[in-house]
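Asks: Return atomic coordinates for the entry below.
(chains A, B, C and D)
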Number of protein chains: 2
Amino acid sequence: MRETEAKLVGELKGRGYRLTPQRELLLSVLEGSRKHLNAETLLERVHKVYPRANKSVVYRNLELLADLGLVSCVDFGHGRVEYEVHRHPHHHHLTCRHCGRMLEVRSGAFAQLQQQLHQDYGFNADMDHLAIFGLCQACSEKADPRHEHHPHALQGMGF
Amino acid sequence: MRETEAKLVGELKGRGYRLTPQRELLLSVLEGSRKHLNAETLLERVHKVYPRANKSVVYRNLELLADLGLVSCVDFGHGRVEYEVHRHPHHHHLTCRHCGRMLEVRSGAFAQLQQQLHQDYGFNADMDHLAIFGLCQACSEKADPRHEHHPHALQGMGF
DNA sequence: CCTCCTATTGCAACTGGTTGCATTTGTATC
DNA sequence: GATACAAATGCAACCAGTTGCAATAGGAGG
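Replies: Numbering: from 1, shown residues only, chains lettered A, B, ... in the order given. Model prediction:
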């Protein structure tokens, strides 16, 4: 906790950013949660301590913190982006587009892909921001190939 | 052209969807373009032929067509999603978060990742919807590690 | 060609997120 | 601790995309 706090202060000051109460608060809320948080929840919690906080500050600081590598944001395709402190540097997210469940995964294949892209194209991929969609095992098994697409499946799926 | 048209009709009717002028038009606009198109441009073009077309129809049909595997949509992180007919089944997009340029790529490493995820977690990844962010070769070379993050870099980047 | 049923459309209201701008506030310097 | 300057905030307007709902229109069956 203190460690990331100190890291934050160092990162910010070193680069000419200011240490504002909103910024500290935002990070501490993120650290206080084990789960991903979306911007709305985040704002609610910040609000309890600092009622005049504003959503644009939340978004702008999340962007900054993400940019500094302190938080990572993942778009699970549920209409809102989720944020978390960047403590497990190499885990990725597999989201099932059918049941909506999300799997955290740490596969060497990601590092391999990253390496390959660097080798072949000189591209330095941000693998940590990666969310992959598809069908989880359970849903793959249930899916009958002839009915893979149900009319209105997406609208009626309840997420 | 006709081929995809026929494929569309078949897919739709076979699954109980209707063949509406908006749907056909949307697909033909997508096919008439070699590049990715965003929903706004798409709507403009549809509008020229069918002036009372509406954005919600565009979005709903893009979702349907994507779901049927006829178009693919990629989020380049520029604030709007881009759509294209799904003719090159296995190309992926590397987007530079600094200069915004986009690279089309066909690497075996993606297939390998896909395979690995299937093997290890039984997860069937939709690799075609994948856009990867990072730094392109040019920007990586220009970036001085001590100034990797410029104040307001994202706001001032001009896209 | 008429009827009926339901998929689809058009619309307007809404959502999550972004932006421009005037105001406030960290913080470096004196 | 006062000053000054740029970074950050708060706000309101905005943007892309989504949703609920009443009206419309494919198309299957008669």
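
Asks: Let me know the pLDDT of residue A:60.
Replies: According to the prediction, residue A:60 has pLDDT 96.

Asks: Can you get me a residue count around it?
Replies: Around residue A:60 there are 15 other residues, counting by other Cβ atoms under 10 Å in any protein chain shown. In short, each C-beta sits where N, CA and C put it, glycine included.

Asks: for the host helix or strand of it, which positions count as buried?
Replies: In this structure, residue A:60 is located in helix A:55-67 according to DSSP states H and E. Neighbour-count burial for helix A:55-67, counted by 16 or more other Cβ atoms under 10 Å in any protein chain shown, picks out A:57-58, A:61-62, A:64-66.

Asks: Run me through the strand neighbours of the next helix or strand after it, direction for each.
Replies: For helix A:55-67, the succeeding helix or strand toward the C-terminus, using DSSP H and E, is strand A:71-75. Its sheet considered, strand A:71-75 pairs with strand A:81-85 (antiparallel) by DSSP bridges.

Asks: what about the next helix or strand after the partner strand, average pLDDT?
Replies: Moving toward the C-terminus from strand A:81-85, the next helix or strand (DSSP H and E) is strand A:92-96. Across strand A:92-96, pLDDT averages out at 81.

Asks: And stretch A:118-129, by the same measure?
Replies: Over the span of stretch A:118-129, the pLDDT mean works out to 85.

Asks: And stretch A:101-110, by the same measure?
Replies: Averaged across stretch A:101-110, pLDDT comes to 81.

Asks: Now do the buried residues in it.
Replies: When burial is assessed from 16+ other Cβ under 10 Å, stretch A:101-110 yields the following buried residues: A:102-103, A:105, A:107, A:109-110.

Asks: Save these as JSON lines, and put in distance to chain B and secondary structure too.
Replies: Conversion of the buried residues of stretch A:101-110 to JSON lines gives the following (distance: Cβ to the nearest Cβ, whole Å; DSSP: H, G, I helix; E, B strand; the rest coil):
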{"residue": "A:102", "distance to chain B": "11", "secondary structure": "strand"}
{"residue": "A:103", "distance to chain B": "6", "secondary structure": "strand"}
{"residue": "A:105", "distance to chain B": "6", "secondary structure": "strand"}
{"residue": "A:107", "distance to chain B": "6", "secondary structure": "coil"}
{"residue": "A:109", "distance to chain B": "4", "secondary structure": "helix"}
{"residue": "A:110", "distance to chain B": "7", "secondary structure": "helix"}
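
Asks: Need these in CSV (columns: distance to residue B:23).
Replies: Written out in CSV, the entries for the buried residues of stretch A:101-110 read as follows (distance: Cβ to Cβ, whole Å):
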residue, distance to residue B:23
A:102, 32
A:103, 34
A:105, 37
A:107, 39
A:109, 38
A:110, 38
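
Asks: Identify the farthest-apart pair in those.
Replies: Between all members of those, the longest pairwise span (Cβ to Cβ) is found for A:102 and A:109 and amounts to 18.1 Å.

Asks: Count the neighbours of the residue nearest to residue A:45 when sequence neighbours are not counted for me.
Replies: Ranked by Cβ to Cβ, 6 or more residues apart in numbering or on different chains and with sequence neighbours excluded, the top spatial neighbour of residue A:45 is residue A:29, at 4.7 Å. The local packing of residue A:29 (other Cβ under 10 Å) involves 21 other residues.
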